[in-house]
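1. Sharing a sequence plus its predicted fold:
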Amino acid sequence: MRISVIGCGYLGAVHAACMAALGHQVVGIDVDPDKVDALNAATPSIFEPGLGDALAAELEAGRLRFSTDYADAAEARVHFIAVGTPQRRGEGAADLTYVHAAVEALVPHLRPGAVVVGKSTVPVGTAQLLAERIHADQPDASLVWNPEFLREGVAVADTLHPDRIVYGVPAGDEGDRARAVLDEVYAEALASGTPQVVTDYATAELVKVAANAFLATKISFINAMSEVADAVGADVTHLADAIGHDPRIGRKFLNAGVGFGGGCLPKDIRAFRARAEELGIGDTLGFLREVDAINLRQRDRVVDAIAGALSVNDGDRYFGSDSSTGSLVGRRIAVLGLAFKPESDDIRDSPALDVAVRLKGLGADVVCADPKAIPNARAKHPQLAYASTAEALAGAEAVVLLTEWREYRDLDPAAVAAVASGRIVVDGRNVLDPDAWRAAGWTYRGLGRP
Ligand code: UGA
């Protein structure tokens, strides 16, 4: 199948490479010439495990190329829309500028029978408007809404082996025809038994935001439990293990810590709420405001934990609100992790980077490390000091783990003690072994862990 992928960011670049890996003939279109050049050289500007190799293999095989020219998409039968839908500045709602611009630019190149496939996360109701726009110019083209559920860090595997395939299709024969075309694209996954749900546009759009809202709620639930655990001296990791054994609950996404970030969960819950307001059912999703608030509060709690540990460094528990500026001024803190999650260089809405910026704002002498995200972090926050992990740890009064990269989880407390100047470790992801760190002489602080 000849395929175009419009928008070659975190989603589109991976999707284009993976569609080519499935044997399709793919052109990726992006308005950024630098991005296109980098992708054509198999050197993507984003870090995503496996993406560089997949690009190299498919470019070499001649199944994949990237272009800035929409005319290069004209040969394709299927056009995936994979552009970003960021949060509008100063508002919760999604900014659909790029989606509309992509469809406008694509429409003149659609041939009869073409299928436009929406992958971007959009407010419910968008697909219907886009379908009307497409039909106005090319009545024989169709739109399918096909939400994407890939996770950054494992995006290549998630795209090649999705856990479900969802289509929102128009009613009647048009929907049947469009579905048949897309089934050809996904033939391999469907043949291997991947569950498929075929529904209407509105449901398909909602599936995506409902899934992310649920995941965000699950994380904020356990983070709220971590606050309760702190109040009573309980252990939220044991609590998560215990409730997670109930298959109705499940253990995944019950890791308490500094909270969720990234280009999806935070903005998607805000956009979902904004859309509900527009629909006159704002109260229905009012709980998402609390989900957001709990999530952001985790960042305060980490800063409080650091400030408390540094000023009351006698092993006493401290999660009070006394993160007075004085206690942090000039204090040397090693921040381990800047990306919003491990195996990614993405710093969009990253809790780790936010905590680093806050610490710096409170006067601390912060030195930040991250295996992959430093270039992105430095571009956004040049005021922070960046260094290797060893340099960040050397002379640190406090060590703060904020993104659970394997190399940070595996740190040897005795080895760190040999180079750090203090013995305070704040585990913003609850991934270190408190007993091992305490045995090596450290004051350990987690979130909701005694
Ligand atoms: C999320 C969804 O998981 C994907 O299914 C979806 O396709 C994607 O958004 C999207 O809309 O494009 P992603 O943003 O890559 O994927 O990252 P997640 O793995 O969901 O993690 C999100 C955040 O939650 C991270 O900051 C992570 O550290 C945090 N998290 C996750 C927790 O704090 N606790 C957990 O137990 C799990």
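-> Nice, thanks for sending it over.

2. only C-alpha atoms for contact and neighbour calcs from this point on.
-> Will do.

3. So Phe66 versus Thr159, what's the distance?
-> 19 Å (C-alpha to C-alpha, to the nearest Å).

4. Have a look at the two and say which one is more surrounded.
-> Neighbour tally, Phe66 and Thr159, criterion other C-alpha atoms under 10 Å: the higher count belongs to Phe66, 26 against 21.

5. May I have the beta-bridge partners of that one?
-> Gly28 (DSSP bridges).

6. Could you check how far it is from Leu206?
-> 31 Å.

7. Please apply the same query to Gly9.
-> From Gly9 to Leu206 the distance is 23 Å (C-alpha to C-alpha).

8. again with Ser45
-> 31 Å.

9. These two: which is more packed in?
-> Shown here are Ser45 and Leu206; by other C-alpha under 10 Å, Leu206 has more neighbours (18 against 15).

10. Surely Thr443 is in contact with Asp427?
-> No - taking C-alpha atoms under 8 Å as the definition, Thr443 is not a contact partner of Asp427, at 10.7 Å.

11. Same drill for those two, tell me which one is more crowded.
-> Between Thr443 and Asp427, counting by other C-alpha under 10 Å, Asp427 is the more crowded of the two (28 against 22).

12. okay, now the domains of the protein?
-> 2-199, 202-450 (automatic domain parsing).

13. among those, which gets the worst mean confidence?
-> Ranked by mean pLDDT, those bottom out at domain 202-450, with a mean of 94.

14. For that domain, measure first residue to last.
-> End-to-end for domain 202-450, by C-alpha to C-alpha: 46 Å.

15. Just give me how far that domain sits from the chain centre.
-> 15 Å (C-alpha atoms, centre = their mean, to the nearest Å).

16. in the stretch 151-300 of the chain, what residue is nearest the ligand?
-> Using C-alpha to the nearest ligand atom, Phe253 is the residue of the stretch 151-300 of the chain that sits closest to the ligand, at 3.0 Å.

17. tell me the secondary structure for the residue nearest to that residue when sequence neighbours are not counted?
-> What sits nearest to Phe253 in space, not counting adjacent residues and going by C-alpha to C-alpha, 6 or more residues apart in numbering, is Ile219, at 5.8 Å. For Ile219, the assignment made with DSSP: H, G, I helix; E, B strand; the rest coil gives helix.

18. Can you find the residue of the stretch 101-250 of the chain that comes nearest to the ligand?
-> Taking C-alpha to the nearest ligand atom, the stretch 101-250 of the chain has Phe149 as its residue nearest the ligand, at 3.1 Å.

19. in what helix or strand does that residue lie?
-> Take DSSP states H and E as the rule and Phe149 turns out to sit in neither a helix nor a strand.

20. Can you get me a residue count around it?
-> With other C-alpha under 10 Å as criterion, Phe149 counts 21.

21. Asp410 now?
-> 12.

22. The chain should start at 6 in everything you say after this.
-> From this message on, residue numbering opens at 6, which makes the last subject Asp415.

23. Quick check: it vs Ala401, distance?
-> From Asp415 to Ala401 the distance is 18 Å (C-alpha to C-alpha).

24. so who does Ala281 touch?
-> Gly287, Thr289, Leu290 (C-alpha atoms under 8 Å, 6 or more residues apart in numbering).

25. Now which of those would you call buried?
-> The neighbour count (16 or more other C-alpha atoms under 10 Å) marks Leu290 as buried among these.

26. residues of stretch 104-123 that come out buried?
-> 104-105, 107-108, 111-112, 114-116, 118-123.

27. For this protein, what lies in contact range of the ligand?
-> Within the chain, the positions near the ligand by C-alpha under 6 Å from any ligand atom are 153-157, 217, 224, 258-262, 264-270, 345-346.

28. Please repeat the previous calculation with a cut-off of 5 Å.
-> 154-157, 258-260, 264-266, 269, 345-346 (C-alpha under 5 Å from any ligand atom).

29. what's the closest of these to Leu60?
-> Glu157 (16.5 Å; C-alpha to C-alpha).
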